[in-house]
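Engineer: sequence plus predicted model, see below.
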Amino acid sequence: MLVDSHCHLDYFTDAEIGDILSRAADAGVGQMVSIGVRMAQAPEVKALTERFPQVWGTVGVHPQNVGEGPLPEVAEIVAAADHPRIIGIGESGLDYFYDKAPREVQQEGFRRHIRACQQTQLPLVIHARDADEDIAAILREEWAAGGAFPFLLHCFSSGRQLAEAALDMGAYVSFSGILTFPKSTELRDIARDVPAERLLVETDSPYLAPVPFRGKRNEPSYVAYTAKVLAEVHGMTPEAMAELTTENFRNLFKKAA
């Protein structure tokens, strides 16, 4: 069985969901995590998890959205995560590529999500784009100030230094369809050096469809193509990689175990 550790099922219509989940099952994708990007969206994510037993969820505010209104307080994030099908917090982090919110607001939002994870010990799903140094610095500062917390770097496309810094803190690293792109040689080199017990796979659907679907709308069934490339990078069979990443998923997301 494969797990798509990061998708956005609420971006699809109700009419589409049934077929999408059916295709996922046909591809061997037995579970998936629908990710929160706004606090106001949390009820939709929870409803999906209650409707479909193969779907888990997270709650949080994407760094591109933190400027839309007041930042949630730590207690608000903690309360939103108090649901049997919500297994993580996020996605949160820093996005200096689009810079849709002031960087200081992104940083404060990131810190609040970290503190919610420290209180709940639910994993933090981290979005990092063009902000490697600040991501690493904030992780270290909050770790030192408030203690350890589980986390993963989602849709990893950052540099080796961030991967190594995060791995030193016990992080997991999740790879998306970007890993399959012809020009992603450096990313595959980094993926090769991530310890097997820290690997996860995802789609980030409906975005970033892997080869051979690049440019089309992504969906959870396509995570098998990313897992196949990751297996090749690690010298494993696709079946072994599926088993490994599913075990890793359960080790990280303990509420889903």
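Structural biologist: That came through, no problem. Numbers count the residues shown, from 1 in each chain.
Engineer: got the phi and psi for residue 14?
Structural biologist: phi -60, psi -30 (degrees, to the nearest 10).
Engineer: count of neighbours near it?
Structural biologist: 9 (other CB atoms under 10 Å). Any C-beta I mention is one placed from the backbone N, CA and C, and that applies to glycine too.
Engineer: that one and residue 28, how far apart?
Structural biologist: 25 Å (CB to CB, to the nearest Å).
Engineer: for residue 223, list the residues it contacts.
Structural biologist: The contact partners of residue 223, taken as CB atoms under 8 Å, 6 or more residues apart in numbering, are 2, 3, 4, 27, 29, 201, 202, 203.
Engineer: beta partners for the first one?
Structural biologist: By that I understand residue 2. Assessed by DSSP bridges, residue 2 has beta-bridge partners residue 29.
Engineer: I'd say it and residue 30 touch.
Structural biologist: Yes. Here residue 2 reaches residue 30: they are 6.9 Å apart, a contact under CB atoms under 8 Å.
Engineer: what's the overlap in contacts for the two?
Structural biologist: With CB under 8 Å, 6+ apart, residue 2 and residue 30 have common neighbours residue 246.
Engineer: so what's residue 10 closest to, chain neighbours aside?
Structural biologist: residue 44 (4.7 Å; CB to CB, 6 or more residues apart in numbering).
Engineer: in the longest helix belonging to the chain, which residues are buried?
Structural biologist: Scanning the chain for the longest helix, with DSSP state H as the assignment, gives helix 103-120. For helix 103-120, burial by neighbour count (16 or more other CB atoms under 10 Å) applies to 106-107, 109-120.
Engineer: before we move on, what about stretch 125-135?
Structural biologist: Using 16+ other CB under 10 Å as the test for burial, stretch 125-135 gives 125, 126, 127, 128, 129, 131, 132, 134, 135.
Engineer: show the end-to-end separation of it, please.
Structural biologist: In stretch 125-135, first residue to last residue: 12 Å (CA to CA, to the nearest Å).
Engineer: likewise stretch 96-105?
Structural biologist: End to end - CA to CA - stretch 96-105 spans 12 Å.
Engineer: off-centre distance for it?
Structural biologist: 19 Å (CA atoms, centre = their mean, to the nearest Å).
Engineer: likewise for stretch 158-171?
Structural biologist: Stretch 158-171 sits 15 Å away from the centroid of its parent chain (CA atoms, centre = their mean).
Engineer: residues in contact with that stretch?
Structural biologist: 128-129, 132, 135-136, 139-140, 143, 148, 150-153, 156, 173, 190, 193-195, 198.
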